[in-house]
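[1] turn this into a model:
(one chain, ligands or ions: 1)
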Amino acid sequence: VPVLLKAWISESHAGAPEVRFPLAEARGGSGPTVAIVAGMHGGEYAGILAATRLIQHLARSDVHGRVLVIPTMSTLAFFRRSMQLSPVDAREVHYLWPGHPEGSYSEHLVDLVFRTIRVADFVVDMHAGEFVQDLTPYVGVPWLDDGHLWQRSLELATAFDVPFINRRALAETSIALPRALLEVGIPNVWTEIGRNGLPEPTAIDLQYNGLVNMLTLLGVLPGSGVRYAPRWVGPKHWSIFAEQSGLWHPRIHGGEPVAAGQVLGELTDFFGDHLHTFTAPADALATYVCTSPAVDVDNKPHGNDWHQHLVQLVEDVHGPRRAT
Ligand SMILES: [Zn+2]
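    Purely as a prediction, here's the structure:
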């Protein structure tokens with residue numbers, strides 16, 4: 001008989017709302033512990049809805065091991081439909097791991113989630129594009145070197161039927177959860193599947209089927225899984241930032257290959273007069289394109305430059321490659 005526990009994990013935080021998130025735990029016979037986190041960013045619905053669907057599936061399944069699912073980490077951000085930054089302290093939660101119990105509201109939330117998931121043997125953190133983010137689906141795999149943790153993380157990633165695996169050098173990114181997990185020896189990946197905050201069935205299916213397939217490959221769920229061979233991109237990335245405020249007019253989409261010198265988009269003022277043209281610094285793949293015309297260079301809470309971030313490019317020189 002499957003056992004599914006449902007709870008709210010909470011701690012009080014001085015001068016702010018309670019730090020609080022839902023947790024489901026499925027338990028069965030012997031097997032690994034897998035933690036799945038969604039909704040670190042409140043508008044990234046494909047991951048949230050896939051995690052919610054997974055909990056219902058686990059309730060009916062023969063589980064070998066433990067599966068911890070946090071279907072929405074930032075429930076306040078979710079209910080307030082706030083984008084990217086915490087609605088309480090304007091922190092970018094992605095940059096704060098492993099958090100701090102006596103820090104800001106977001107640092108405390110991160111700390112409580114980290115204490116909850118660090119018992120896991122494997123972690124998947126599910127993201128998608130926020131309301132203004134056009135993304136191409138990929139799974140991010142943290143890369144320090146070609147050792148054991150990279151290989152085990154890559155095995156998680158190849159459970160997802162995405163076009164790209166993004167090999168992300170930790171030295172080049174502010175994203176902090178993968179590093180915090182690798183430092184305590186936990187292989188992990190993060191998904192980026194879904195765009196513009198849209199609950200598109202194709203994106204939800206891609207996230208959900210990837211999770212079920214991964215749990216099957218790990219022996220947590222019965223059956224035989226499928227190992228995919230997505231194309232590797234990275235580790236070199238380029239971020240294109242606006243240096244003045246204005247109206248952004250992108251000329252490319254997420255997932256589009258671009259050539260060195262190609263126009264990525266233009267910034268104008270409110271009269272439509274040209275301010276700046278942005279071009280690609282190299283041949284690359286566009287993983288992220290900002291779709292909001294509103295660009296404000298003075299909007300930098302805690303130094304976060306997400307509001308000025310127009311395009312992200314990644315090197316795509318490896319060609320198709322069998323990952324395992
Ligand atoms: Zn995200």
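[2] how about the helices in the protein?
    Counting by DSSP state H, the segments of the chain that form helices are 45-59, 75-79, 105-117, 148-157, 177-183, 201-217.
[3] which residues sit against the last one?
    It stands for helix 201-217. Contacts to helix 201-217, defined as Cβ atoms under 8 Å, 6 or more residues apart in numbering, come from residues 34, 36, 45-47, 49-51, 53-54, 57, 67, 124, 126, 128, 137, 139, 155-156, 159-162, 191, 193-195, 221-227. The C-beta positions use only the backbone N, C-alpha and C, and glycine is treated the same way.
[4] turn the buried ones among those into a named PyMOL selection, would you?
    Here is the PyMOL command that selects the buried residues among the contacts of helix 201-217 (16 or more other Cβ atoms under 10 Å):
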select buried, resi 34+36+45+46+47+49+50+51+53+54+67+124+126+128+137+139+155+156+159+160+161+162+191+193+194+195+221+225
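[5] show me which residues of the chain are close to the ion?
    41, 44, 127 (Cβ under 5 Å from the ion).
[6] give me the pLDDT for residue 324.
    We have a pLDDT of 41 for residue 324.
[7] what distance do you get for the nearest residue to residue 164 once chain neighbours are set aside to residue 132?
    Using Cβ to Cβ, 6 or more residues apart in numbering and skipping residues adjacent in sequence, the residue nearest residue 164 is residue 138, 4.0 Å away. According to Cβ to Cβ, to the nearest Å, residue 138 stands 18 Å off from residue 132.
[8] with neighbour numbers in mind, choose between these two.
    residue 138 (28 against 19; other Cβ atoms under 10 Å).
[9] quick one: contacts for the more buried one?
    By Cβ under 8 Å, 6+ apart, the residues touching residue 138 are 162-166, 191-193, 230, 233, 287.
[10] who touches stretch 291-304?
    With contacts defined as Cβ under 8 Å, 6+ apart, stretch 291-304 is touched by 85, 90-92, 95, 131-134, 196, 242-250, 267, 307-308, 310.
[11] over to stretch 172-188?
    40, 92, 94-98, 114, 118, 120-125, 140, 142, 144, 149, 152-153, 155-156, 168, 170, 189-190, 235-237.
[12] starting at the chain centroid, how far to that stretch?
    Distance of stretch 172-188 from the chain centroid (Cα atoms, centre = their mean, to the nearest Å) equals 13 Å.
[13] could I get the buried residue list for that stretch?
    Here stretch 172-188 shows 173, 175-182, 186-188 as buried, counting by 16+ other Cβ under 10 Å.
[14] again, but for stretch 60-70
    61, 63-70.
[15] now do stretch 248-257
    Neighbour counts using 16+ other Cβ under 10 Å place 248, 250, 252, 254-256 of stretch 248-257 among the buried residues.
[16] next, the distance between the ends of it.
    Stretch 248-257 has its terminal residues 20 Å apart, counting by Cα to Cα, to the nearest Å.
[17] could you report the distance from residue 317 to residue 307?
    The value you get for residue 317 to residue 307, if Cβ to Cβ is used, is 31 Å.
[18] who has more neighbours, these two?
    For the pair residue 317 and residue 307, the greater number of neighbours falls to residue 307 (22 against 12), based on other Cβ under 10 Å.
[19] any idea how far the nearest residue to that one once chain neighbours are set aside lies from residue 308?
    With Cβ to Cβ, 6+ apart as the criterion, residue 307 has its nearest non-adjacent residue at 4.3 Å, and that residue is residue 299. As defined by Cβ to Cβ, residue 299 lies at a distance of 8 Å from residue 308.
[20] how many residues are close by the nearest residue to residue 90 once chain neighbours are set aside?
    Take residue 90 and drop its neighbours on the chain: the residue closest to it by Cβ to Cβ, 6+ apart is residue 301, 3.9 Å away. Residue 301 sits with 14 neighbouring residues when counted by other Cβ under 10 Å.
[21] same check, this time on residue 271
    6.
[22] list the pairing partners of the lowest-mean-pLDDT helix or strand in the chain within its sheet, with orientation.
    In the chain, the helix or strand scored least confidently by mean pLDDT, DSSP states H and E is strand 231-233, which has a mean of 90. Strand pairing for strand 231-233, using DSSP bridges, gives strand 164-169 (parallel).
[23] the partner strand: which residues count as buried?
    164-168.
[24] ok, the closest residue to residue 290 other than its chain neighbours - contacts?
    What sits nearest to residue 290 in space, not counting adjacent residues and going by Cβ to Cβ, 6+ apart, is residue 310, at 5.0 Å. With contacts defined as Cβ under 8 Å, 6+ apart, the neighbours of residue 310 are 240-242, 248, 250, 264-265, 278, 289-290, 295.
[25] which of the residues you listed has the largest number of neighbours?
    Result: residue 289 is most packed of the contacts of residue 310 (other Cβ under 10 Å), 27 neighbours.
[26] from residue 17, how far off is it?
    Applying Cβ to Cβ to residue 289 and residue 17 gives a distance of 33 Å.
[27] cool, residue 277 as well?
    44 Å.
[28] likewise residue 94?
    20 Å.
[29] related to what we said a few turns ago, neighbour-wise, which of residue 299 and residue 308 wins?
    Neighbour comparison, residue 299 and residue 308: the larger count goes to residue 308, with 21 against 14 (by other Cβ under 10 Å).
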